[in-house]
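Participant: my questions are about this predicted structure, shown below with the sequence.
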Amino acid sequence: MSDFSSITWAIGYTWDYDLQVFTRKMQHQKLSFGDADFHHKEISKQLGLN
């Protein structure tokens, strides 16, 4: 977890901020579609940069 989200995690559980919603969506998308490293490797492979 990044420093920013660690610092503001308590704020994210209030009604004023949606940090927990965005964090959950981000984690779900990483599990469903792959993280940035996965996509960088796939693009490099398709471009023949390996």
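Facilitator: Thanks, I have it.
Participant: going on from the lowest-mean-pLDDT helix or strand in the chain, what's the next piece of helix or strand?
Facilitator: The least trusted helix or strand in the chain, going by mean pLDDT, DSSP states H and E, turns out to be helix 3-12, with a mean of 60. Using DSSP states H and E, the helix or strand that follows helix 3-12 in sequence is helix 19-33.
Participant: show me what that following helix is packed against.
Facilitator: Judged by 3 or more C-beta pairs under 8 Å, 6 or more residues apart in numbering; DSSP states H and E, helix 19-33 is in contact with helix 3-12. C-beta here means a position set from N, CA and C on the backbone, and glycine is covered the same way.
Participant: ok, 10 Å please
Facilitator: helix 3-12, helix 36-47 (3 or more C-beta pairs under 10 Å, 6 or more residues apart in numbering; DSSP states H and E).
Participant: so where's the chain shaky on pLDDT?
Facilitator: 1-17 (pLDDT under 70).
Participant: tell me the contacts of E42?
Facilitator: E42 is in contact with G34, counting by C-beta atoms under 10 Å, 6 or more residues apart in numbering.
Participant: try it again with 6 Å
Facilitator: Contact analysis of E42 by C-beta atoms under 6 Å, 6 or more residues apart in numbering lists nothing.
Participant: how close does it sit to V21?
Facilitator: 28 Å (C-beta to C-beta, to the nearest Å).
Participant: swap in D35?
Facilitator: D35 sits 19 Å away from V21, going by C-beta to C-beta.
Participant: again with D37
Facilitator: 24 Å.
Participant: who's in contact with H40?
Facilitator: For H40, the contact set (C-beta under 6 Å, 6+ apart) is empty.
Participant: whoops, I mixed them up, D37
Facilitator: Per C-beta under 6 Å, 6+ apart, neighbours of D37: none.
Participant: next, count neighbours for Q20.
Facilitator: A count of nearby residues for Q20, using other C-beta atoms under 10 Å, gives 14.
Participant: again with T23
Facilitator: 15.
Participant: what does the one 10 residues further on give?
Facilitator: A count of nearby residues for F33, using other C-beta under 10 Å, gives 9.
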